[in-house]
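Chemist: Got a predicted structure here, sequence first:
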Amino acid sequence: MLKKLTRFYHPKTIEEACQFLGNGEGRTAVIAGGTSAALRADSSLEALVDISHISELNYINKDAAFYRIGACTRVQDIYKSPDLKGPAGKLLQAAAGKIGSTLLRNAITAGGNLAGLFPWSDLPVAYMALDAEVVCRRGRPKRTVPVMSLIETRAPQFLAANEIIAEIIVPAYGPGTGTAFAKLAKTANDYALISLAVRLTLKDGAVNQARIAVNAITAQPVRCLDAEKLLEGKVLTEELTAEAANKAADSLNIRKDIRAGEEYRREVFVVMVRRALNEAFENANRKGGQQ
Amino acid sequence: MKLNTRINGRDLCLEIKPNATLLETLRQAGFKSVKFGCGEGMCGACAVLVDGKPRTSCITLAGTVEGSEILTVEGMGNPDQPHALQQAFVDAGATQCGYCNPGSLIAAKALLDSNPNPTAEDVKDALDGNLCRCSGYVKRIEAVLSAADSTASTTGQKKSTRGKK
Amino acid sequence: MAKTTKKTTVKKAATVKPKVSPAISPIPEAPRFFEKPETFNQVSHSLTKVDAMGLACGTQKYVADVDFHNLLHIKVLGSPHPHALIKSIDASEAEKLPGVVAVFTWKDVPRVMRTTAGQGFPEPSPYDNCLLDNKVRFVGDRVAIVAAESPEIAEEACSLIKVQYQVLKAVFDPEKARDKDAPVIHDEKDCRVPIPIFYDPKHNHCSHVETRVGDVKKGFKQADVVLERTYYPHYAQHCAIEPHTCIAYLDENDRLVLRSSTQVPFHARRITAQTLQIPIKKIRVIKPRIGGGFGGKQEVLLEDVCGLVTLKTRRPCIWALTRAEEFMAARTRHPMVVTIQSGVKKDGSITAISMRIISNTGAYGSHALTVLSNCGSKVLPLYRADNIEFIGDTVYTNLPVAGAYRGYGATQAAFAMECQMDEMAEAIGMDPIKFRQLNHIKEGESSPIFKALGEGREGVDMSIGSCGLEKCISEGMKRIDWAKKYGKPGTGVKRRGVGMCCLMQGSSIPEIDMGAVFIKMNEDGSFNLLLGATDLGTGSDTVMAQIAAETLGCRHTDILVYSSDTDMTPFDVGAYASSTTYLSGGAVINCASKVREQIVAVAADMLGEKMQDITIEEGACYGKGRKSSVTFGQICTYAMYEHKQFQIGAIASHISHASPPPFAAHFAEVEVDTETGEVKVLKYVAGVDCGNAINPQLADAQTQGAALNGISYAMTEEFIFSDNGRMLNPNFGNYKIFSTKDMPEIETFLVPTYEKTGPYGAKSVSEISINGALPAIGNAIRNAVGIRLTRPPFTAEKVLAALKEQAKSGKKASSVKAETEKKPEKASKKTPVAAKAEKPVKPAKPAAKKAKASEKKPAKATAAKKKK
Ligand SMILES: Cc1cc2nc3c(=O)[nH]c(=O)nc-3n(C[C@H](O)[C@H](O)[C@H](O)COP(=O)(O)OP(=O)(O)OC[C@H]3O[C@@H](n4cnc5c(N)ncnc54)[C@H](O)[C@@H]3O)c2cc1C
Ligand code: FES
Ligand code: FES
């Protein structure tokens, strides 16, 4: 476990952090919540840059249209934040609240949960369903990228050596949008067997934008594009949700999981998608919007 | 490697291995209330407050708490002057083998610090990472609720506004 | 049942009334009954647990909480194969690693066959393993021992040991373990059983028990319905949050001290001495605070290894199991295949019960026979039947080793029996509660099973002296709201149901277990109570203090309890078999009574009164008419310093002549999601008759803890194995035990009775309540959606599969009706009776709305109602 580790850096600013990362002194990595088993088992790392104390990475802000979440915000703070509301806020909270336990949520960060991806990571599906964007910083310079590109490429490959995830930008959405999160697991603090986030944004009663993002049943977070397409432009009916749910399941590359059979997980996934769509639809139609 | 932290109100400078966990570090420094149960973050026997937040020390690298403030159950109170929660655990019969208690008490303290008037559901939520194989949790939930009541009444807060779930 | 060589001489002696012979035998006679005082001052009160404040403040010390200079760390290399011969083993690379102090392989240690089961001597478990062997029999079996300066170095050294294995064919299926072509797991010549009982390792056949009462064939003929079903209670691990830990060191006199997380310090001392071939006097075992045991620490797993390392290196050492080792290499619950065939008449009388069990003990036979016997002896006596048959076999497989686990066989068999009870009731169209009320054993009744099935030898005949089961049932029905909820699943996607079960256990192993205590008085009127009984978190130190204080006439806070230390405390078999309160509590009364006599004698001397005129109250003795008094402190000081000086104190033992069962009724309400198969336990009610609870709060806590452990076992806990017998989920990440967020609303209550054979009326309480969840929840699921699950845990996946199966065979349901008609015995085989599948599911109609509930509320109802 981190056998070669010799140094810790404790930067106070993003720029400082990026400098430590880019100084080329052997294998160096960012540590945020530090909960990643993969990180702790890495025996090639020589230095760790602890970004968890950087105050400019720890916040939940809201402006007119977006939530901005600092990468080192603990997921417990997301779960408990009184500022997160509406379809986006509620989805983030639901996903964050289902992560591990209180003790873990106080360590795991919004950015770490995305950068150190595991099949059971719960927040990424919420980010995906919300079309979140990610701000990456190399010191001063920054780029803002769709969360999907970071997930598809995976953070270690996507980010430059001296680059970190600094912020997650989430459109707030409003009335007319409904979201739902669902997790299948054996107990409350279990890793997901299925982690699912859904968003429906309606226009004139019909689905204008649909997002179905899933993890855990798959090896990495994916969106069910066929099912999303099927829904868009249509009014939700029982038949339609059922069809979409089946389509979503068909598109999955179900990973092996010692804890439950493939067929079972597929079957329950269909039920979960159907229910989540209905719930999101109901939320979207709520007077005054989802609260 | 040197580690500067404040543990139970005392500034300490400890000599550690760079890859040491906070659990090892605390136990070596004599804070034996911090227990090993699983080493994977799943049982909470090793929970301590890091800057007021309860975390599992077994998967926390000691290097990441540089400059932080740590509280273990020894720092909450002692048999002569127990914390209200410790007294409540004793009174409610919430201590059985006791191995999980330090961690649970730490988590409970964090709850009451941020929410002095919790519901039973709040308590369950806050203690969800502290496994106990002896108790079935019933008495510890009672204990936390009654400690909340007792601190609320001593600090003059209104009692039992705790409501409907 | 074969008998041990030990004869039941005690019993014989007891029948000969001690004559007025002047020479009183120095061998004490254990009382059969204890006097009931008019009032209780210390017992029957929920007094503060004596170690509670230290535990809550983190000042109590567990095994690993002391620092040792120069401490070595132990790691044991585990086998990667389920069955293999060690062809060659080369530890030279490991030995060269800096920081490695010693490496031991099978070549380096004496070969002494023994059992790791911490049981009375001679043990009823086979001597089928040794310190290290040249054969491995399950994944995780010991291959080599490394002692190094740090755990990391020890671990690395393990990876440097070169082992050449000759992999052997393995057997994992207990139903195939005795097949002709099955590999022989114990083909070594020197495995044996230390007592004359059945043992046939050549066929992987570890133990066999057979008992018959009446004639079951005849019984089945008399029945209106004969049902046969097979149930598969599964593997589980104790999951004490403190892993097994042992520290060994040499003391000033070069004796080996083992500071160990053990439930059985005296057995640990004996078995370690045996294994290391050193005299018992060279060993001292200290049990400090223990972080839970549940039977898992009734096993000598670490002491021999630590002892070896310290004796060979002359340095202190520690071995603490990792969580993964805990799962893979410590002990587990015996998984079983339990087949019950039962005959019942339409009037509700049970004509015959046949219980056949195949118990899987894994690679070694720890508790193999006794867990098996307990399946019968702690379950079958609960219901009256003239014809009973119990046939049990324990087999070896190449899987993790089973052992003692809270419930100890009763858990497994009660699951089968209590599901079967519901099935029988349904088959004859009777309400399941009424059916139980009609048949369960009552005060004054006996069962032939008590005598027929003991632990490794014949049992003890006894009749039920106290039984609060009736009240457990009626009160539990109210609390779960049975009348309103039974058979009302609703019509939505989520269906609800309630289920229940009745339970019994025992209290100690009669005429086998012994406990002893030593009390001495101090000059401030306090007492040291030194006892071998092992508090491992159960609160037994407190219970013993209360019993001592009650007997002596002082407060429990004046009793300083010390348990246990083989140098300092007298012998006790240890904490198992639901014996501590019942058995060791008896020893406390015996001992405290002697001390009390001495106190009275000194007080009489001091006050110039007759002994019979002295009364004791709250730590003081009073003369006639309460005109004069002396405090305990004065009495002890007087005895120490003033006149005819002596130490007020005594030692006493106790054995029991009965094992009175505690009784319980458990109720569960569930909600089943018919689309996902997820089952949510909404509410769980457990009512227990543990006699007179010495400390109601602690008894209640035992019940709550056992109940939730049982629920967690029923719902999620399982061992997942690879094709190669490797456990794939040896961690809390994937072996899920319930947390606060998973628990249902739990309500427990005690139904006080008075057991005259027990100390101050007490019976046992700790084990019984782990047995209820499997059947109560199983029956509730059946009530909700009509499926009968026989292969726990009741995971969503299994529930959904069963629901689909039910939907498929929906047609069959009606034809099943015919099965309730009288049928020849054979035809009933494997025919599921009354599997209903119509929607909405229609469970058996609740008969007998109000089972004559005795209205009086149980007094000690310490319900755990949640504040809302
Ligand atoms: C017992 C247990 C149970 C868990 N259960 C769940 C669960 O149910 N659901 C769930 O979603 N998660 C769960 N997790 C958390 C998950 O497995 C990861 O450990 C976690 O998401 C990592 O987040 P972190 O903040 O701790 O990141 P770290 O562990 O600090 O880092 C993880 C990786 O991301 C990199 N990284 C971190 N932050 C940044 C950044 N800002 N920029 C660039 N790179 C960065 C690090 O270099 C590292 O490679 C669990 C963890 C544990 C230990
Ligand atoms: S030991 Fe840290 S969570 Fe279990
Ligand atoms: S009291 Fe024993 S584990 Fe909680």
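Modeler: That came through, no problem. Ligands and ions are numbered 1, 2, ... in the order given.

Chemist: okay, now the residue of chain B found nearest ligand 1: neighbour count?
Modeler: Closest to ligand 1 within chain B is residue B:41: 3.7 Å, counting by Cβ to the nearest ligand atom. No exception for glycine: its C-beta is placed from N, CA and C like everyone else's. Using other Cβ atoms under 10 Å in any protein chain shown, residue B:41 has 27 neighbouring residues.

Chemist: Repeat that for residue C:229.
Modeler: If we define neighbours as other Cβ under 10 Å, then residue C:229 has 20 of them.

Chemist: what does the domain assignment say about chain A?
Modeler: A:7-50, A:55-171, A:177-289 (automatic domain parsing).

Chemist: Mean pLDDT added to those domains, as a markdown table?
Modeler: Below are the domains of chain A laid out as a markdown table (pLDDT from 0 to 100):
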| stretch | mean pLDDT |
| --- | --- |
| domain A:7-50 | 94 |
| domain A:55-171 | 97 |
| domain A:177-289 | 97 |
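
Chemist: how about these in a markdown table, adding distance to residue C:706?
Modeler: Shown next, in a markdown table, are the domains of chain A (distance: least, Cβ to Cβ, whole Å):
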| stretch | distance to residue C:706 |
| --- | --- |
| domain A:7-50 | 33 |
| domain A:55-171 | 24 |
| domain A:177-289 | 19 |
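
Chemist: Check which helix or strand residue A:173 maps to.
Modeler: Assessed by DSSP states H and E, residue A:173 sits outside every helix and strand.

Chemist: for the residue in chain B positioned nearest to chain A, what are its contacts?
Modeler: In chain B, no residue comes nearer to chain A than residue B:129, which is 2.8 Å away by Cβ to the nearest Cβ. Residues counted as contacts of residue B:129 (Cβ atoms under 8 Å, 6 or more residues apart in numbering or on different chains) are A:100-104, A:189, B:42-44, B:47, B:54, B:56, B:107, C:739.

Chemist: Throw the domains of chain A into JSON lines and include mean neighbour count and distance to residue C:594, thanks.
Modeler: Below are these laid out as JSON lines (neighbours: other Cβ atoms under 10 Å in any protein chain shown; distance: least, Cβ to Cβ, whole Å):
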{"stretch": "domain A:7-50", "mean neighbour count": "18", "distance to residue C:594": "59"}
{"stretch": "domain A:55-171", "mean neighbour count": "21", "distance to residue C:594": "51"}
{"stretch": "domain A:177-289", "mean neighbour count": "20", "distance to residue C:594": "52"}
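
Chemist: The ones you listed: which one's closest to residue C:252?
Modeler: Taking Cβ to Cβ, domain A:7-50 is the member of the domains of chain A nearest to residue C:252, at 42.2 Å.

Chemist: List the residues that contact the residue of the stretch 651-800 of chain C found nearest chain A.
Modeler: Nearest to chain A in the stretch 651-800 of chain C, going by Cβ to the nearest Cβ, is residue C:741, at a distance of 3.5 Å. For residue C:741, the contacting residues are A:187-189, B:124-125, B:128, by Cβ under 8 Å, 6+ apart.

Chemist: Now with 7 Å, please.
Modeler: Contact analysis of residue C:741 by Cβ atoms under 7 Å, 6 or more residues apart in numbering or on different chains lists A:188, B:124-125, B:128.

Chemist: out of these, who's nearest ligand 2?
Modeler: residue B:128 (12.3 Å).

Chemist: ok, the closest one touching residue C:738?
Modeler: No. Contact criterion Cβ atoms under 7 Å: residue B:128 and residue C:738 do not qualify, at 10.4 Å.

Chemist: if we can go back for a sec, can you put the contacts of residue C:741 in a markdown table and add secondary structure and distance to ligand 2?
Modeler: A markdown table is the format used below for the contacts of residue C:741 (DSSP: H, G, I helix; E, B strand; the rest coil; distance: Cβ to the nearest ligand atom, whole Å):
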| residue | secondary structure | distance to ligand 2 |
| --- | --- | --- |
| A:188 | coil | 15 |
| B:124 | helix | 18 |
| B:125 | helix | 17 |
| B:128 | coil | 12 |
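
Chemist: any idea which of those residues has the most stuff around it?
Modeler: Ranking the contacts of residue C:741 using other Cβ under 10 Å puts residue B:128 first, with 24 neighbours.

Chemist: quick one: it from chain C, how far?
Modeler: Taking Cβ to the nearest Cβ, to the nearest Å as the measure, residue B:128 falls 5 Å from chain C.

Chemist: Can you pull up the most central residue in chain B?
Modeler: The centre of chain B sits closest to residue B:106, judged by Cα atoms, centre = their mean, with a distance of 0.8 Å.

Chemist: swap in chain A?
Modeler: Centre-nearest of chain A using Cα atoms, centre = their mean is residue A:124, 1.7 Å out.

Chemist: Residue A:152 is in contact with that one, correct?
Modeler: No. Using Cβ under 7 Å, residue A:124 is not in contact with residue A:152, being 11.1 Å away.

Chemist: Residue C:285 falls within a strand, correct?
Modeler: Yes. Judged by DSSP: H, G, I helix; E, B strand; the rest coil, residue C:285 forms part of a strand.

Chemist: so it makes contact with residue C:269?
Modeler: Yes. Residue C:285 lies in contact with residue C:269 (Cβ under 7 Å); the separation is 4.6 Å.

Chemist: can you list residues touching both of the two?
Modeler: What both residue C:285 and residue C:269 touch, as defined by Cβ under 7 Å, 6+ apart, is the set residue C:566.

Chemist: Could you tell me which of the contacts of residue B:129 belong to helices?
Modeler: A:102-104, B:107 (DSSP state H).

Chemist: Just want to check the distance between residue C:634 and residue A:109.
Modeler: 66 Å (Cβ to Cβ, to the nearest Å).
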